[in-house]
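1. 3D model of this:
(one chain, ligands or ions: 1)
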Amino acid sequence: MRDLILKELKNQDHVSGEHLAKKFSISRTAIWKHINELRKVGYEIESHPHYGYALVKNTDLLIPEEINFELNTNVIGKRIMHLNEIDSTQNIADKLARDGAEEGTCVIAEKQTSGRGRRSRNWASPFKDGVYISIILRPNLKPLHIIQIPLIAGVALVKAIEKTTGLTPSIKWPNDIFLSGHKVAGILTEVNCDIDTVHYIVLGMGINVNTRKAALPKEVKDIATSLSEECGHEVSRVDFLKNLLVELETVYSDFVTNGFENTGKQWMAYNNTIGSNITVNDGQNVFEGKAVDIDEDGFLIIQTDDHQTQRIISADVTLKK
Ligand code: BTN
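-> Take a look at the predicted model:
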């Protein structure tokens, strides 16, 4: 009901309690209660004795009513769980997926107390500064090809950043998103699979939207940035998130239908890694070389300094100056 009332308010300058009560066959008191609920989640709604209710400001919380409003997707974001504070959205999404939640279900938090990144790193997630989201995917994929999922998400992220801000981000293999040489967003892909079947994937994305450098932990202050730091003004998290869900649906459905080729080409167009001299840390060895390509599976091909060709499945890559 709350979303239906909100839709009426968004589509008209003023709407009377009587009109809403009639339209939804509930009492004017019930309407008034819903209006107060909307106010509590951040909508500014004026009430006037003659004209009725007027929506004067949207909420800046990433609540389902706001994100779903005229959201042009069929799968991604059709179901959204919103939390003010949680340890990690990955944990909740994993539980929902285990219980059978449908593909595209999103878990979004305003703040994470134990946000995690790749290789058990911490992901700073201050209240209402960034977008912290985990999305359940159920692709028909061999475990060997899981690396393609974060590459796809990387393409969706750079497109959403471009569309929302006009900035030009790049992707460092496999999936760190950079602006002016600083990391602005990261992707964490957690998988539930057995030896030959992927049961589900929890795709986690963390984006520093209005995060001030001062709010970041000192280990990352010098290497991280945010959309607002780069734009010089605040960025609407709602607009950005809606753009992200639409872009993700576009690249993901192309991938599901046609395979990785097209997304692989798009990834190439945005990447900052191929052609660069890099240091690779695969968790066991650290070695140097030149990144020369990604193959049709999404693995990184490098030429090491001793002229060997190596195919990298998973590693941390540092670009050499
Ligand atoms: C990385 O760059 O290491 C990946 C960072 C991923 C962070 C996101 S925020 C939403 C989701 N919940 C988490 O705990 N982590 C991911």
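
2. and this structure, which residues reach the ligand?
-> With CB under 6 Å from any ligand atom as the criterion, the chain meets the ligand at residues 88-90, 112, 115-118, 121, 123, 132-134, 176, 186-188, 204-206. (Glycine included, C-beta is placed from N, CA and C.)

3. which of those residues are buried?
-> Taking 16 or more other CB atoms under 10 Å as the criterion, what is buried in the residues of the chain next to the ligand is 88-90, 112, 115-118, 123, 132-134, 176, 186-188, 204-206.

4. which of the residues of the chain next to the ligand fall within helices?
-> Thr89, Gln90 (DSSP state H).

5. for whichever residue of the stretch 151-300 of the chain sits closest to the ligand, list the residues it contacts.
-> The nearest approach of the stretch 151-300 of the chain to the ligand comes at Gly186, 2.0 Å away (CB to the nearest ligand atom). For Gly186, the contacting residues are Gly117, Arg118, Trp123, Asn175, Asp176, Ile177, Met205, Gly206, by CB atoms under 8 Å, 6 or more residues apart in numbering.

6. what does Arg212 give?
-> Asp129, Ser226, Ser228, Glu229.

7. shouldn't the second one be in contact with Asn208?
-> Yes: shown here, Ser226 and Asn208 form a contact pair, counting by CB atoms under 8 Å, at 3.6 Å.

8. ok now the longest strand belonging to the chain, how far from the chain's centre?
-> In the chain, assigned by DSSP state E, the strand with the most residues is strand 182-193. Remark: strand 182-193 is offset 10 Å from the chain centroid, using CA atoms, centre = their mean, to the nearest Å.

9. ok, now stretch 77-90?
-> 12 Å.

10. could I get the contacts of Gly186 as JSON lines with pLDDT?
-> Converted to JSON lines, the contacts of Gly186 look like this (pLDDT from 0 to 100):
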{"residue": "Gly117", "pLDDT": "94"}
{"residue": "Arg118", "pLDDT": "91"}
{"residue": "Trp123", "pLDDT": "95"}
{"residue": "Asn175", "pLDDT": "86"}
{"residue": "Asp176", "pLDDT": "94"}
{"residue": "Ile177", "pLDDT": "97"}
{"residue": "Met205", "pLDDT": "98"}
{"residue": "Gly206", "pLDDT": "98"}
